[in-house]
Structures are given as C-alpha cells and as structure tokens.
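Q: using only what follows, build the 3D model:
(chains A, B, C and D, ligands or ions: 4)
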Amino acid sequence: MAEMNMLQAINNALDTAMAANERVLCFGEDVGVFGGVFRATSNLQQKYGRDRCFNTPLVEQGIVGFANGLAAQGSYPVAEIQFADYIFPAFDQIVNESAKFRYRSGNLFDVGGLTIRAPYGGGIAGGLYHSQSPEAYFAHTPGLNVVVPRNPHQAKGLLLGAINDPNPTLFFEPKRLYRASTGEVPDGEYQLPLGKAEVLKEGTDVTVLGWGAQMEVIDKAVEMTEKDGISCEVIDLRSILPWDRETVAASVLKTGRLVITHEAPMTGGFAGEIAAAIQERCFLYLESPITRVTGLDTPFPLVLEKEHLPNHLKVYEAIRESVEF
Amino acid sequence: MAEMNMLQAINNALDTAMAANERVLCFGEDVGVFGGVFRATSNLQQKYGRDRCFNTPLVEQGIVGFANGLAAQGSYPVAEIQFADYIFPAFDQIVNESAKFRYRSGNLFDVGGLTIRAPYGGGIAGGLYHSQSPEAYFAHTPGLNVVVPRNPHQAKGLLLGAINDPNPTLFFEPKRLYRASTGEVPDGEYQLPLGKAEVLKEGTDVTVLGWGAQMEVIDKAVEMTEKDGISCEVIDLRSILPWDRETVAASVLKTGRLVITHEAPMTGGFAGEIAAAIQERCFLYLESPITRVTGLDTPFPLVLEKEHLPNHLKVYEAIRESVEF
Amino acid sequence: MTTRKSSTVYSPVFTDGSEHRIPTFKLLKQDGSLYKNGRAPDLDKAEARRIYHAMVTTRVLDERMLAAQRQGRLSFYMQCTGEEAAVIGSTAALSDTDMIMAQYREQGALAYRGFTIDEFMNQLFGNDRDYGKGRQMPVHYGSDRLHYMTISSPLATQISQATGYAYGQKMAGDGACTIVYFGEGAASEGDFHAGLNMAAVHRVPAIFMCRNNGYAISTPVVEQYAGDGIAPRGSGYGMDTIRVDGNDILAVYQATEAARRLAVEDNRPVLIEAMTYRLAAHSSSDDPSGYRSKDEEATWHSKDPILRMKYWLEEREWWSESEEKALQESLRREVLDTMKQAQKRPPPPLESLITDVYDEVPPALDEQFDRLKAHIRRHPDAYPKSAAHVQGGE
Amino acid sequence: MTTRKSSTVYSPVFTDGSEHRIPTFKLLKQDGSLYKNGRAPDLDKAEARRIYHAMVTTRVLDERMLAAQRQGRLSFYMQCTGEEAAVIGSTAALSDTDMIMAQYREQGALAYRGFTIDEFMNQLFGNDRDYGKGRQMPVHYGSDRLHYMTISSPLATQISQATGYAYGQKMAGDGACTIVYFGEGAASEGDFHAGLNMAAVHRVPAIFMCRNNGYAISTPVVEQYAGDGIAPRGSGYGMDTIRVDGNDILAVYQATEAARRLAVEDNRPVLIEAMTYRLAAHSSSDDPSGYRSKDEEATWHSKDPILRMKYWLEEREWWSESEEKALQESLRREVLDTMKQAQKRPPPPLESLITDVYDEVPPALDEQFDRLKAHIRRHPDAYPKSAAHVQGGE
Ligand SMILES: Cc1ncc(C[n+]2csc(CCOP(=O)(O)OP(=O)(O)O)c2C)c(N)n1
Ligand SMILES: Cc1ncc(C[n+]2csc(CCOP(=O)(O)OP(=O)(O)O)c2C)c(N)n1
Ligand SMILES: [Mg+2]
Ligand SMILES: [Mg+2]
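A: Residues are numbered from 1 along each chain as shown, chains lettered A, B, ... in the order given. Ligands and ions are numbered 1, 2, ... in the order given. Take a look at the predicted model:
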C-alpha cells in the first residue's frame, strides 16, 4: 500500500500491466519520452523501451485504428487520447469497428485486448474543448465497455480490469481528480470487476447515483442532507456500459427515490437511460420522480463553468426535492 | 399536388430549394451525374450545373468539414452521407464543429445554413452497416437539429424547413420508405416546423410515440389494439432534437401511459431520454411504467433482422401490457 | 529537428508533382509474351497453375453468383471481375500465413488461399455454417484459418488497422507481414492518411495495395483526386512506392515479392498502386451505363488479366484449352451444386442474435432475449425462420 | 479514366520520394542582406513597417501575457514566438478581406489586420466584451470584422472547412481567397488529407499554410512523419506546392503573394510549408526542457525572424533604433494598461450560458436556465460572478 494520487495510480497500473505481460503497449500523442501531457505514462518508455511505449503521430482516428489492429493481432494496446474532447475523430473506429469486431466476424476475430484511456470532464477551466464528458455517446454502442473510476484505488483496479477484460474498453479518467484525489493504493496486481456498481453508503430515504468526479460532489451533498436528517444510499455506477441495473434497482426498490448526477448535458445523457430503466423496473415503488442533476444543454462554457456544473448545492437541492416531493 | 414516393419528394424539395436560392448546393458521394445511390439527387446536376450539385471524393469527414466551411461562408450546403452508418467519420466535424460553431464564436460565425441528409434504418437486408439508426448519438449534442420524416409530404416540408432553419440540421431519411411510402405532395415551397411533434390520432388510453419508419409500424399496431377496444393517441416526434416535450407531456397527462418505439438499440437510445423527461413531468399521472420497444442491444443483424426489429406485433404487445399493467 | 539538409532556391518555384510522374511497372503483354526488357519472376509451374486456378475460380464464382442474384436467390453480390491479377498476384507473392485485410472485392485472395466454394456459399447465404453467423451482407467473408480478416463495410478502416496488426507482427518477431487492399476511392478517407503515415513512422511490415480501378461506384478518378493517382502519396510519407500494371499478373507478383522483402526484412512498409479496371458493375445494385461508356469498358475488356495469364501459360505449355474447358465446367458445376446445398441449410440459430456482442452475454441482453423468445413463442407464424428454435421453451 | 499517360518500366523500382526533395525558398540572410540571387518582393516602406509593427506587437504581447500567466492573472497562454514571419508575412501578402482560418498560434495575423490590444485582452480575460462571451480558453480569438474565423481547439478541423469556405468564395465570385494555418502535427489528422484532396479536386482558391515548427507539443517531427516534411504531400494531391524559410519575411511574403495569384486567378489551391521553430514552450502549461536541448533552441534563437527583418529595414533606413525603443515601450505600456482594464471588467452576463447554442433559446433550455437562476438566487454566495445578475430577477 502506498499513498498515491490518481495519476500515480494510473501510471502504476500501466506499469503493473506492462511488467506482467509483454504484449501490453502504451501509445498516443506525447505519451513517450514526455510521459503524456498529464504524465500518466511517465517513465514507461524509459522502463519498457520505445517499442512498447511511444508517441504516435497526431491522429486520433489512426491511434484507435492502429490499436484495433494490434488488438486483433493479439496484443493489449492501451491507447491514450489526450483529451476525451478529441476522441470524436476516432468515433468511427470505436463505434463501427472496435464495438462490432467480434460480432461481425462470428467470433473469428476480436479486439478484446483494446483499452482506450482518456482524461474527461470539467472543473479545470478548460472551456468547450477540454471539459467534455462523452460517456453517453459511447453508451449507446453494444460491444463496448465504458468505465469511469472515482479515486486512485479504483483507478488502478478498474484499469487493470479493463486491460485484462476480453472486450474493448473505454476508460474515462476524471482529470480534475488527477492530482486532487489521493488515497491508499495496493502494490502489485489487483483487478476490480467491470459492469458492477458499488454501494458506497447504505441509506433508506433516497438513492444518489453518479460516477467519476461526481462522487466527490455527491459526498459533499450527502453530508449536507444527513444534517437535515435525510438518509442517502450512495452508489458509484463505475461501469456505464454494461451497467449494473440490478444494484441500482435493488437500492431504489428500498429507498423509493433516485437522484442521478453527471456533468454531461442532460438531454441524451446517460442519466436518461438509467431513469428510463429504473422507472420501468421500480414503477410501483417510486415515491417521487427520478431526478437528474446535470450540466446544461449547452456546450461547455469557460468563465461561467461554475454555474454550469452540477455541483454539490444542486445535488443537495435535488435530493431534498426528491424526498420532499 | 402530385402523388410521389419519398425519394421523389426529397428530390423535389432539393429542386425547390435550389431553384429558390442559388446559394443552395448539393454534394456528396455519387450525388452528381449519377444522382446518388438512391437517386435522391437525380437530375439536379443536369439542371443546376456541376458547380451546385457534384460528387465529392470519398471522405465523410471532408464532406462535412467542407460543408461547415461553406455554411460559415454564408451558403446553404445540403451534404449527403451515403448511408447513416457512414456518418461516424464525420462525427467530430458534426459534434465538435457544426454544433458548437455559433456558441464558441459568440455568434460572430455560424453554420446555420448546413443540412446533412442521410438514409438510415433497417428493413432492407442491410446488416450491420446499412441499417443503423444513429439519431441518439447526435441527440446528446446541443446546437444540432435532428429531424426524421415519416412520409413524402413530411419529407419535403421538413427538408425545406431544415434547409431554411438557421441552425445546422441532420436529416435522417428512413430508407425503407424511400419507394414504399407514397402520397400527395404539394407543388412548390412549403415548410414544416422543426422542433414540433405532431399528434396523428387522438386517443384516451395510451400514448404511442415514434418517428420515421416506426410510424407505419405504430399504425399497424394501433389498428390491432383498436380492435381490442384500446384507444391510442399516436404522436410522430418528427424532431429528435430539440424535441417537443410539451406535446408529449400533454398527451401523457391525458392518457397516463406511454409506449415509445425506435429501431436503435434500447440502451442509450432516445426513448430513454423521453421516458426520463416524461416520468419527471407526468409522475403523478402515470398509470403504468413508460415502455420502450426497440432493437436489441446488439449490432444490427442480417438474416434474423425480422427478429431484431421492433415490429408491429411487439409494439402491439407493449401497448396491451401498458394498458393492462 | 527540421534540420535535415534540403537545397535552396531564390525564387518562388511551385511544384505540383507533375514533373515526377511515377512510371508503371509492366512485364507481360496482352498476348502473353514478355516486354523486351522484362524478366519474369521466379514462378514455377505448380505455383503458376495455383494462381491461374484461383483466377478462374474467382471469375466463375462471380459470374454464377451475379446470375443467382439476378434470379433473386441472393440479395447482393460484388464481383472482382477485371481485377483478379491485382488481387491474386499480390496474395500469391506472400507467405500463406501473412495477414490479409481486404476491402470487399478481394475474393480472389481467398480463392487462392483455399477458401472452399462451400465456405463462400455459406457466407453468401448466411446459413448456419456461415462463420459470420448470418450477420453481415454477402461477400463479407472472413477466415482465421486462412489469415483473412473478416470484411467490414466501412471503407478504409482496415488501413490503419493493418498498420497496427503489422506492428504486432513485428513485435512478435514471427517474420510475417500484413497486406491491406483498398480502392482508390477509399484512399480519400482520413484513415488512409492515418494508416500510411503511421506505418512509415513506426516502420511496420505492411504492404498497402491500392486497386486503382478507375471508379468508386459512379465517381471517376478525376473527381476523386487531381494528382497522379495514389502512388505519389506514398513518397509523401517517405514510403517505398511502386505503380504496377494491375492486369499484369507477373508484374504484380514480382512487385509484391519485392515489397514483401522490404517489409519483412527491413520493416519498410510499401505502397503499391495497381492500375486496373472494374469490368463489372460496382455491385449487383449498380448499373454503370449511366456513368461510363461502352467504349471505355471495351478497351479494358481487351486487357483481361485472366486471358493475359492464360496466354502466358499456354506459351509455356503449362496449360491447355482442354484443361481450361474441364476446369470451367467443373467449377461451374461445383458452384451450382454447392449453392443449392447452402441455400437449403437453415439460418443460424436464434442465439446468434445476441452472442459475440461481448465474450459473454450481459444480463440485460439476456433478459431482452428471453422476452424475444417468449414473444416468438406467442407469434410463431410471424417468425418462420426461428419459431422452431424456441418451441418447447428455453 | 486511369488512362493518363505515364511512362513504363520493366523492373520493379521503388521510390520513396527522397530523390526529389523539395527545396527551400529563401531571400533574406540573418544579417538582413539578400542572398545573391534573391530579389526582394515589391514591398513599400509603409507596408514593410506595418508588417514589422505587427511582428513586434505580437512578440511584446506574447512576452507580457506569458508573464501575466506566470503571475496567475491568466489561466493559459500560447506564444507565436519564432514564427512571426511565417504568420505575418503570409497574411500581409493577402488582401485584408481574404478569410483567415487559423490554428491557435497565429495572433500575429490578427495583429497585422488591426485587432486592438483591447480586443486581445477582452478575449484573454473572457470579460463582458469578449466577442466569444467568455466561453473559450484564452487565445481562441475571432473577428468577423477582420475576416478571422474564431479559433477552435480541435486540430485540423479548420482545414477542410477552409476548402469549403473557399469554394463559397469562388461561387460568390468576389475574388477573395482563404488562407488556412496549421502545424506540421495537425497535418497528420485525417481532416488535412480530406481538406487538401478536396481543394485540389474542386479547385478552390485556398492557401494551405503549414507552420512546420519542429514539434507538436513534445513530439518531434521524426516521430510525426518519415518523409520530407509536409510539402511533398501537396504534390501527391496534384497541388502547387512550395517550401519556404519560415523565418524569412521576404520569402514568405513573396511565396504567399504568388500563391494568392494562383488561387484567385486560376482557382489553383496552394500548399506552403514554412520551415520554422517554436522558440517558446508549446503553451504556458508546457516545459520543453524535457524533450529538447538548449543547443537546439539556441541555434534557432540565432535565426530570429524579427531581428532578421529589423536588420533589413535598418539597411534600407526604414527603421531606427530609437523608433524600436519607442515602439517597444509604448506597446509594453499599452499591453499593461489594457490588461488592467480588461481584468477589471465584469464577466459576461449569465445569459451567455444559454444563448447562441441555437439562434434562439429552445424552451427546454430556457427552463433549465430558469431553474439555474432560481438556484443562484437561493445561493448567491456560491456564485459570486453571477449572483448580481439574478438579484430581483424573475
Ligand atoms: C465510410 C464509407 N463510406 C461510403 C461507403 C459506401 N461505398 C461502398 S463502396 C464505395 C466506393 C468504393 O470505391 P473504391 O474504394 O474505389 O473501391 P472499388 O469499389 O472501386 O473497388 C462506397 C462509396 C462505405 N462503404 N463506407
Ligand atoms: C484533435 C486534437 N487532438 C489533440 C489536441 C491536443 N493538442 C493541442 S496542440 C497539439 C500539438 C499541435 O502541434 P502542431 O500542429 O505542430 O502545432 P504547433 O503547436 O507546433 O504550432 C496537440 C496534440 C487537439 N487540440 N486536438
Ligand atoms: Mg475504385
Ligand atoms: Mg508544430
């Protein structure tokens, strides 16, 4: 065990994976000698050589296409997209190729070894193009795993889980936690399961659900509501796709109320899917409408970022409204 | 008025728009002398010249990038993507560029003149890559209009509405209706409003909502339910983004029940957004869970397409279940 | 960086590349004789006959299956006709374990590697023996046994994938390479640029084989690019490049053999532009009469790559008219017989709808499937293909 | 099609383009004198001084704003330092109404066109006078008045857009062209390939100006491409292409002038590769000491494009040391004074969060906004920037 921030935990996960399996490769823009613009791949080139950790030319569609080919060949590519906002040129390679590779070939070929890492989310004064949370764009794509960790311990365990999972995985890293979130991280190999939500706190009045950096926001909000005497059950979804409907439904069957929060705009965001599925599953048990606390239905702003983001105050109010409905 | 099929109506809309405004241009793969692989642009090059209707090189990201630039310059590009399945290489140009052009420039520049047409949907034995319904991928993107017509009359009016609307519009054409759907289409210019759903049939027991080719499916299903004595209110959403929550909510407040159907996979599909928003808006009036009848959470299959698609029998059963809940 | 020496000029001279047109490599004339300065590659009789056999197989298969499509037995088909030399000549120059990543018009490569008529048919009819489990349209073949990646319809996506695949081969050190086929139309896609540039930078053992057949559906090359074809782009990436007469089996073979050496021995990727012509329609859905002339087609018919090879074989007495006749007949018979069998076979089982999305079926999808089965059980007549599968419960 | 004549060879010769390296066009030596064979472009004194003024403005602005960033007054900044000649020399050779579509490091073009220090500052501080309404990060300038498209962070997207914009200019027949700037890193993106190929095919009046400054953040050109830079790709598209010493204001100017003629008079798009160097860090978030040597930086410092122009001006007695001093001082003062003003101004109004997503605010967004305002009214302390805007409101 060592105290690490999230970047260190990710770096440590990559190091662990590369040490364990020589077919694990890390690449992307500035990933090589520089160690990535956030330094998630620091020292990996020095340690494992230029063949296994390297800079690519500046072309996201190429990075993912290259990674798809490598994975089909049997390697374990871990491709970095410098910011999740820049993943869209690779959208076709991900949605039409990675996701459908196994299915269309009748399992003759697959890209199960593929992992794509990308820093995502707001809170770092990044404006339109260094703040987006694109998870919902990918969550409409059967064949993909979409995973988001909330802290260093989770980041390492889920990233190792992603690299070793036999399906292609998008791993979105909440970049505002990169240095802000610290905690104890086990040495060596451990994997956390994909597709499983985690109940972080049990409660009886309302279920509060999120992922990634929103878990911190939820914690703050829940702290406030507890002072008001409201008992919250807190769930970290962790995997957006496939998502753990069982755990969420079980919780809502108990609490009768659900508040979901994410940074992405509300319309078409993944909270919509959850709300739709849970109202269907828990219809007779719901005591108030399922509520979504999200970014506005706009591009991501800069100066008024604070106003835009679903912060703890907004989540707090939503919890209260849900309970007081 | 003339009897037309949907392709003829679309061709007629393009002809009307090009005749009315010399800044309207049509281009895309095989759009020129050939008139498009479905012949939606037949004769336009012959009529308006190679400068205003032309083939592009085979590069969707370029087609949309080019169209974005043209629109920023003040033209009205109508770009064709040969199949909606091939729109993903242009995803970045659409989601990061078209959608955010006006916002990021503080309204100094915009691409409001842009329209992107693409045939979409299943039912033509197209398998994975000639069948997709990608509307939900775009519906998570503030700044875009997403429009789907259900018949020739709607196709012409909505397409003219899209071309003239001061915001970038994705216009998805249900290709299995191209020749199958026929009807009276007015001569000359008329525009149907974007952002407005249409109530096609009033009813009291349950609201049945869809768009595009699913409207035909709904009609068949509703015919069956009426025989069972169930009164359905039928709504064509028409615009997926921005969508007309008012009309849908008003209907559900009346009927207390909602069945939504689309071809795309369920998870992350746009029915999820509608269900989430409507359960919030109509919570106390809902008499049964909002139900979604959709494609499976898989890539689009070929031989078992029929099993995969949300046909009238599945919609019919869902309506009955909703009413009998 | 940016410090490499380059010469200096003192007035603004522009180049559009036209002063260095890339020449075309040829060996074989249409009558089967060699050009005066040409030297045939080292092709023994068995290998030459294997190649020729694959070419004829491809041609016969294409003719029969187009006819079957016209009769309504098949929903869709695409012919390789006219491009057999470009495809088969290049595949033949490789090791049989090199990876092939094709576009969709390269059934000749599969025929050469030994994909059986039965295997073709099962895919074309999407029956229970189709490796692809009836999920993709006809001609989307794949074979792991033959190192032939399953075809994917989105164009050019395989190009950057080939770069990655070849990088993996280099890392594995198994002395294999990847050949990737694509049309001159697909070469306009962003993935082409990505794949070739990355291949040059990362020095992968890949051969980029462009079939320049004059058209992308209806779009002629003059509306596809303004330069001297696809080849000069290779030099732009610093990649070894060659242009070859794509209807010349010997030139294609020899160029690919040399390319493979560069790729495998020196990790130098190679771009080959094979100049050829799509003699048939783009696909069974297309009618080229609207966009090209009969004259143009006739010119290219007179350059038929199969005839050209046949004349060469005959000159060497490696092939005879009677063998030709026997082969054509037996192939036709085999195709027809096998087609009948394949068409009769049942569709893939209902489960194939939901397997292979992930390595295991996720719970939510399983639940959707249960509902589907129950639904089909209630309406067996509406689902004739699969009702039998669900009778008597799960 | 595919019938254009090309010569024939009878053995498999590969080319990787290295035999036709594209030369560099130069006019001006570092000491301000011309190369023997060079002839200066037709630049009068006023124009030369306008250019020089813009270069110095850019340098001073960059120095001051980087310092401001270091002091924490600004969140982010990017310098043009070292590349002023490539940017300003090219913009100066155009008509002031030609369209500019830049990447992000081309503030020099704006300075040349007359963007005021005040306008720069308002954007940098995202205040209520920022044309972009405080939505984008610093250096994402835009000006419709000056025909300068608002910067967008995703790289290379502006390249294919420039092709479309120029097509519109051609259709409008207004005799204007579009110049599009991008780095050699961005030239690896698919949109580069799309934009240049389409420009050549559709014959648009566009100038593709690649600033090859040796690095894309930390990635040196040897890890970006394996060929002879970006220029030979232009010939691959059949596009007129030239490579120019990007630190040589006269060569850049003359090359761009000639390019503009080709573009506007003959609808021939042009690719210019300007060889230069990013003297500063990639951005205020970057530290280049980890990926390049002091020596290399020093070599390029000795090729400073501003000094080079200054020496030339001085030689012609169009500029003096005292003017230099006065200019530097007044610029520094103006920058500092204006910065203070800009920093003090209020942020854009709360409404700017929701306007301009569409031409009109859609009802659902309006409702979200109402809820936001109500929320802020309940928690004014949490939103110091905007609480004032909603007091007493609806
Ligand atoms: C990304 C994408 N865009 C469009 C299509 C539709 N399409 C299929 S084949 C084709 C033409 C391809 O031409 P080329 O690459 O020259 O190959 P050829 O058919 O001539 O062998 C087009 C436009 C597609 N399959 N994928
Ligand atoms: C699509 C995309 N990918 C990645 C980035 C992150 N990024 C910003 S600048 C840059 C390097 C650009 O290098 P180059 O084009 O050479 O321009 P220079 O900075 O040298 O002027 C990168 C990778 C981005 N902005 N957009
Ligand atoms: Mg072709
Ligand atoms: Mg650079």
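Q: I figured A:Ser75 hits A:Phe27, correct?
A: No. Counting by C-beta atoms under 8 Å, A:Phe27 is not a contact partner of A:Ser75; they are 10.9 Å apart. Using the backbone N, CA and C atoms, a C-beta is placed for each residue, glycine as well.
Q: what about the strands in the stretch 51-200 of chain C?
A: C:99-101, C:178-183 (DSSP state E, counting those that start in this stretch).
Q: just the ones you listed: most buried one?
A: Mean neighbour counts were taken over the strands of the stretch 51-200 of chain C using mean count of other C-beta atoms under 10 Å in any protein chain shown, and the top value, a mean of 29, falls to strand C:178-183.
Q: residue in the stretch 101-250 of chain A nearest to chain B?
A: A:His140 (3.0 Å; C-beta to the nearest C-beta).
Q: what about that residue, distance to A:Asn96?
A: In this structure, A:His140 and A:Asn96 are 13 Å apart, going by C-beta to C-beta, to the nearest Å.
Q: and residue 75, how many neighbours?
A: Looking at chain A here, since you left the chain open. Close neighbours of A:Ser75, defined as other C-beta atoms under 10 Å in any protein chain shown, add up to 26.
Q: I was thinking of chain C, sorry if that wasn't clear
A: Here the count is done by other C-beta under 10 Å, and C:Ser75 has 18 residues near it.
Q: swap in C:Asp31?
A: 10.
Q: got it, and the one 10 residues further on?
A: When neighbours are counted by other C-beta under 10 Å, C:Pro41 registers 21.
Q: tell me which parts of the stretch 201-350 of chain C are close to chain D?
A: Taking C-beta under 8 Å from any C-beta of the partner chain as the criterion, the neighbours of chain D within the stretch 201-350 of chain C are C:201, C:203, C:212-215, C:220-229, C:232-244, C:251, C:254-255, C:258-259, C:262, C:270, C:275-277, C:296.
Q: also the stretch 201-325 of chain A?
A: So far as C-beta under 8 Å from any C-beta goes, the stretch 201-325 of chain A lies against chain D at A:266-267, A:296-299, A:301-304, A:306-308, A:311, A:313-314, A:317.
Q: which of the three states applies to A:Glu184?
A: Under DSSP: H, G, I helix; E, B strand; the rest coil, A:Glu184 falls in the strand class.
Q: distance check, the spatially closest residue to it that is not a sequence neighbour against A:Pro152.
A: What sits nearest to A:Glu184 in space, not counting adjacent residues and going by C-beta to C-beta, 6 or more residues apart in numbering or on different chains, is A:Met1, at 4.9 Å. Noted for A:Met1: a distance of 11 Å to A:Pro152, by C-beta to C-beta.
Q: what of C:Thr178?
A: 39 Å.
Q: same question for C:Met309.
A: 64 Å.
Q: can you check A:Glu80 too?
A: 18 Å.
Q: can you check C:His375 too?
A: In terms of C-beta to C-beta, C:His375 sits 46 Å off from A:Pro152.
Q: so which of those two has more stuff around it?
A: A:Pro152 (26 against 17).
Q: returning to that earlier point: and the residue nearest to A:Glu184, how many neighbours?
A: 9.
Q: what is the lengthiest helix in chain C packed up against?
A: Ordering each helix of chain C by length in residues (DSSP state H) puts helix C:45-70 first. Contact analysis of helix C:45-70 by 3 or more C-beta pairs under 8 Å, 6 or more residues apart in numbering or on different chains; DSSP states H and E lists helix C:84-92, helix C:107-113, helix C:117-125, helix C:249-266, helix C:305-315, helix C:321-344 as its packing neighbours.
Q: of these, flag the one that's most buried.
A: Highest mean neighbour count of those: helix C:84-92, a mean of 31 (counted as mean count of other C-beta under 10 Å).
Q: so which elements touch that one?
A: By 3+ C-beta pairs under 8 Å, 6+ apart, helix C:84-92 packs against helix C:45-70, helix C:107-113, strand C:178-183, strand C:206-212, helix C:249-266, strand C:270-275, helix C:305-315.
Q: could you pull up the mean pLDDT of it?
A: Across helix C:84-92, pLDDT averages out at 98.
Q: what lies in contact with it?
A: For helix C:84-92, contacts defined as C-beta atoms under 8 Å, 6 or more residues apart in numbering or on different chains pick out C:47, C:50-51, C:54-55, C:58-59, C:80, C:100, C:105-106, C:108-109, C:111-113, C:179, C:181, C:207, C:209, C:211, C:246-253, C:255-256, C:272, C:274, C:276, C:305-306, C:308-309.
Q: just confirm yes or no for it near ligand 3.
A: No. Helix C:84-92 stays out of contact with ligand 3 when judged by C-beta under 5 Å from the ion, the minimum separation being 11.1 Å.
Q: wait, what's in contact with the spatially closest residue to C:Asp287 that is not a sequence neighbour?
A: Of all residues not flanking C:Asp287 in the chain, C:Ala281 sits nearest, at 6.1 Å (C-beta to C-beta, 6+ apart). By C-beta under 8 Å, 6+ apart, C:Ala281 lies in contact with C:79, C:287-288.
Q: considering those, which possesses the most neighbours?
A: If you rank the contacts of C:Ala281 by neighbour count (other C-beta under 10 Å), C:Gln79 sits at the top with 24 neighbours.
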